[in-house]
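Enquirer: got a predicted structure plus its sequence, pasted below:
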Amino acid sequence: MEGEMRQKVSELPDTAGVIPRAVRHIFDILEARKADYSMKVTFLELYNEDITDLLALEDQSRFPEDRQKRHITLMEDGKGGAVIRGLEEIVVYTPRDIYSLLERGSARRRTADTALNKQSSRSHAVFSINIHVKETTVGNEELMKCGRMNLVDLAGSENIARSGVREGRAREAGEMNKSLLTLGRVITALVEHSVHVPYRDSKLTRLLRESLGGKAKTCIIATVSPSVHSLEETLVTLDYASRAKSIRNKPEPNQKTCKSVMLKDIYQEMERMKQDVKAAREKNGIYIPHERFVLDEAEKKSMREKMEHLELSLEKQNKEVEKFQGLYLAEQERRLDFENQNKDLKVNLESWKGKFLDFQEAHCRTNMLLREKDFIISNLLCSENSILERAKDMRNNLENASGDITVLLNKLERQAKTEAANEGLLSSFRDELDHSLRILHDRVVGSVCEHLKLLESTNEQTKSYFLAKTESANQLERRIEKAKNMYVSGVQCMKELADTLRQQSIIDAEQMRLSISTHATTVDNFLATMISEAEQILDDVLKSTSELKELLAFSAELQQTGLKRSLTSAQAMSKTSIDFFKNIRIHVARLIKLMEQNQIERSSKLLEFENEFKEICVKDEQAAMNKIAAILSGLTAKKTTMVR
C-alpha cells in the first residue's frame with residue numbers, strides 16, 4: 001500500500017505503492033481540470049482496538065506521566081457513517097506534502113520481526129483524503145463539491161504457531177485476527193442478505209461501514225503467494241476476496257453545498273472556539289462562554305417545568321389508579337359470585353349430562369342388538385346358501401375324484417403290464433447277450449490256439465531249415481579239408497619224386513624241375529582259386545544263414561507281439577463287455593427296485609388319500625349337519641321369540 005515514495009525529479013519509482021500512486025493520480029486530474037480545490041488528509045492507526053492519530057504532534061514533556069494522550073472517539077453521524085472526533089486534519093497543497101506525512105506516519109506505526117516477515121505490521125492503518133472542489137453555476141453561485149477517499153492498509157491474518165510470536169505479540173496477532181474475522185462475518189452477512197450485520201463487533205468494521213454495503217465505491221486488493229508453503233493462506237484469501245466481491249454497494253454522488261453555507265458554519269465554529277479559549281483563559285469560575293451558560297440555564301429551567309408537569313400528571317394518574325382499583329375489587333366480588341353460580345350450574349349440568357349419556361348408551365346398545373340380529377339373520381341366510389353350494393361342489397368333486405381314481409387305477413394296471421413286458425425283454429436280452437459273449441469268447445480262444453499252432457509249426461520249420469543248412473556247411477568244410485589234405489600229400493609226393501630224380505640225373509632233373517615247377521605253379525594257382533572260392537561260398541552261406549536267422553527271429557517276435565496285442569485287446573474287450581453288462585444288470589435291478597418303491601408309495605398315498613377324503617367328507621357332512629341343526633334351532637328359537 002505504501003512502498004517507496006522518494007521521487008526522482010517528477011516521477012514515482014517502480015516500487016511505489018497504491019497510496020502514492022492514487023495521490024499522484026488525484027493531483028494530476030485536479031490540475032488538468034484547473035479546479036479551485038482544497039485538500040485535507042488524516043492518518044490513523046487501529047492497534048488492539050485503540051485508535052491512534054499518526055499525524056498528531058507528540059507532547060515533548062520531560063516526564064512520560066505528564067504527557068497527555070489525545071482522546072479520540074468514534075461516533076456515528078446518524079446516516080450510517082462513522083465520525084472520528086479528535087483526529088487531526090492537515091491541509092496539503094502538493095503530493096510531496098502527502099508523501100512526507102505518509103513517511104512520518106508510517107515511521108510511527110507499530111511493526112515487529114516475526115519468523116515469517118522481518119517487518120510485520122501489527123495494526124491496521126486508514127489514510128483518508130478529504131477534497132473540496134469549487135464549482136460555478138449559471139447564476140454565478142459558487143457551490144462546493146465534497147469528496148472523501150479512504151485508503152486502508154489491512155494487517156494480514158497471522159498463524160501464531162508459524163510466526164513464532166509470544167506473549168504480547170501473540171495478543172497483537174489475536175486482536176488482528178479477531179478484527180479480520182469480524183470483517184469476514186460482516187462480508188458473509190452482506191452477501192447472504194442477513195437481517196443483522198455485526199458492524200459494532202469491531203472498530204475496523206465501524207470505520208469501513210460506508211465501504212461495506214454503504215454509499216461508497218470500494219476496491220479490495222487481495223495479496224497471494226505462488227509458494228506451496230503458503231497454499232492454505234492463498235486459498236483462504238481468495239475465498240475472502242470472492243465473497244467480498246459479491247457485496248453490492250449503493251454509491252451516491254458527492255454532496256454539493258453553497259460556499260456561503262460552508263463559510264457560515266466555519267465562522268460559527270471559529271467563534272465558538274474563540275469563546276471557549278477566552279473563557280478558559282480568564283478563568284472566572286465558569287470555563288464556558290456566558291451565552292452557552294445562559295442556554296444551559298434555560299434548558300435546566302425548561303427541564304424543571306417539565307418535571308413539575310410530569311409530577312402533576314403522575315398524581316392525577318395515581319388518583320385514577322385508586323378509582324380503578326376500587327372498581328377492580330367490586331368486579332372481583334361480582335366475579336366470585338358468578339363463579340359460585342357457575343359451579344352450581346356446572347354440577348347440575350354434569351348430572352344431567354350423566355343421565356343423558358346413560359340414555360345414549362342404552363339407545364346405542366339397543367341399536368347394536370338390532371343390528372347384530374339383522375347381521376346374524378343375513379349371515380345365516382348367506383351361510384345356508386354357501387353350505388348348499390359347497391355341498392354341490394363337494395358332490396361334484398367326489399364324482400370327479402372317483403373318475404380320477406378309476407383313471408389312475410387303469411394307468412397303474414397299464415404301467416404294471418408295461419413293467420412286466422420290460423422285465424421279459426430284459427431277461428431275453430440278457431440271455432442273448434450271454435450266449436453271444438460265450439460264442440465270441442470261444443472264437444477268440446480258438447483263434448489264439450490256431451495262432452499258437454502256426455507259431456509252433458514255423459518254429460519247427462525254421463529249426464529243420466537251420467539243421468539242413470548246418471549239415472551242408474559241415475559237408476563243404478569236410479570237402480575243403482580233404483582237398484587240403486590231398487594238396488599236402490601231392491606236394492610231399494612231388495618233393496619225393498624230385499629228390500629221386502635229382503639222384504638219377506641232373507639233366508633230367510633240370511627238365512623235370514621246369515616241368516614240375518610249371519605244374520606246381522598251376523597246381524598252386526588252382527588250389528588257391530579253389531580255396532578262395534570255397535571261403536567265399538562259406539562266407540555267403542554264413543551271411544545268408546545269419547540273415548535268415550535274423551528275419552525268422554524278427555518275424556517270430558512280430559507274430560508274438562501281434563498275438564499278445566490281439567490277446568490283450570480280446571481280453572480288454574471281453575472285460576469291458578462283461579463290465580458293461582454287469583452295469584446294465586445293476587441299473588436294471590435299481591430301476592426295478594425304484595419301480596417297486598414307487599408302486600408301494602403310490603399305493604400307500606392312494607390309501608392315505610382315500611382315508612383323508614373319507615374323513616374330510618365325514619367331517620364336512622358332520623359340520624354341515626351341525627350348522628343346519630344350529631340354523632334350524634336358531635330359526636325355531638326366533639320363531640318362538642317372535643310368537644311370544
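Expert: Everything's here; your move. Numbers count the residues shown, from 1 in each chain.

Enquirer: give me phi/psi at residue 3?
Expert: Note on residue 3: backbone dihedrals following degrees, to the nearest 10 are phi 70, psi -160.

Enquirer: so what's it scoring on pLDDT?
Expert: pLDDT, the model's per-residue confidence, is 79 for residue 3.

Enquirer: ok, the nearest residue to it once chain neighbours are set aside - contacts?
Expert: The spatial neighbour of residue 3 that comes closest, neighbours along the chain excluded (Cβ to Cβ, 6 or more residues apart in numbering), is residue 17 at 3.1 Å. Placement of C-beta: from N, CA and C, glycine included. Under the criterion of Cβ atoms under 8 Å, 6 or more residues apart in numbering, the neighbours of residue 17 are 1-5.

Enquirer: tell me the most packed of these, by neighbour count.
Expert: Each of the contacts of residue 17 was scored by neighbour count (other Cβ atoms under 10 Å); the top score is that of residue 5, with 23 neighbours.

Enquirer: which secondary structure element is home to residue 143?
Expert: strand 142-153 (DSSP states H and E).

Enquirer: coming back round to it: nearest to residue 431 among the contacts of residue 17?
Expert: Looking at the contacts of residue 17 and their distance to residue 431, the nearest is residue 1, at 121.5 Å (Cβ to Cβ).

Enquirer: distance of the residue nearest to that closest one when sequence neighbours are not counted from residue 36?
Expert: Excluding the flanking residues, the one nearest residue 1 by Cβ to Cβ, 6+ apart is residue 153, at 4.1 Å. Shown here: residue 153 relative to residue 36, a distance of 31 Å by Cβ to Cβ, to the nearest Å.

Enquirer: just residue 129 next, same as before
Expert: Counting by Cβ to Cβ, the gap from residue 129 to residue 36 is 17 Å.

Enquirer: those two: who's more crowded?
Expert: The residue with the greater number of neighbours, taking residue 129 and residue 36 and applying other Cβ under 10 Å, is residue 129; the counts read 19 against 13.

Enquirer: quick one: the helix or strand hosting the more buried one to chain centroid distance?
Expert: Taking DSSP H and E as the criterion, residue 129 maps to strand 124-136. Between the centre of strand 124-136 and the centre of its chain there are 58 Å (Cα atoms, centre = their mean, to the nearest Å).

Enquirer: now do stretch 90-99: distance from first to last residue.
Expert: The distance separating the two terminal residues of stretch 90-99, taken as Cα to Cα, to the nearest Å, comes to 13 Å.

Enquirer: buried residues, it. List them.
Expert: Using 16 or more other Cβ atoms under 10 Å as the test for burial, stretch 90-99 gives 92, 95, 98-99.

Enquirer: nearest to residue 213, of the residues you listed?
Expert: Closest to residue 213, out of all of those and judged by Cβ to Cβ, is residue 98, at 29.0 Å.

Enquirer: show me the contacts for that closest one.
Expert: Per Cβ under 8 Å, 6+ apart, neighbours of residue 98: 20, 23, 41, 92, 129.

Enquirer: I'd say the first one and residue 2 touch.
Expert: The reference is to residue 20. Yes - with contact defined as Cβ atoms under 8 Å, residue 20 counts as touching residue 2 (7.3 Å).

Enquirer: intersection of neighbour lists for the two?
Expert: For the pair residue 20 and residue 2, residues contacting each of them under the criterion Cβ under 8 Å, 6+ apart are residue 102.

Enquirer: residue 247: what secondary structure?
Expert: Of the three states, residue 247 takes coil according to DSSP: H, G, I helix; E, B strand; the rest coil.

Enquirer: so who does it touch?
Expert: So residue 247 contacts 187, 190-191, 212-213, 218 (Cβ under 8 Å, 6+ apart).

Enquirer: could you redo the last one with a cut-off of 6 Å?
Expert: Under the criterion of Cβ atoms under 6 Å, 6 or more residues apart in numbering, the contact list for residue 247 reads 190, 213.

Enquirer: one more: residue 409?
Expert: When contacts are counted by Cβ under 6 Å, 6+ apart, residue 409 touches no other residue.

Enquirer: rerun that using 10 Å as the cut-off
Expert: For residue 409, the contacting residues are residue 606, taking Cβ atoms under 10 Å, 6 or more residues apart in numbering as the criterion.

Enquirer: please compute how far whichever strand or helix holds it lies from its chain's middle.
Expert: For residue 409, the host element (DSSP H and E) is helix 290-504. The chain centroid and the centroid of helix 290-504 are separated by 31 Å under Cα atoms, centre = their mean.

Enquirer: hmm, back to that, the residue nearest to residue 1 contacts residue 3, doesn't it?
Expert: No - no contact is recorded between residue 153 and residue 3 when judged using Cβ atoms under 10 Å, the distance being 11.0 Å.

Enquirer: overlap in contacts of these two?
Expert: With contacts defined as Cβ under 10 Å, 6+ apart, the residues adjacent to both residue 153 and residue 3 are 17-19.

Enquirer: redo those as JSON lines? Include distance to residue 267.
Expert: Putting the shared contacts of residue 153 and residue 3 into JSON lines (distance: Cβ to Cβ, whole Å) gives the following:
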{"residue": "17", "distance to residue 267": "39"}
{"residue": "18", "distance to residue 267": "38"}
{"residue": "19", "distance to residue 267": "34"}
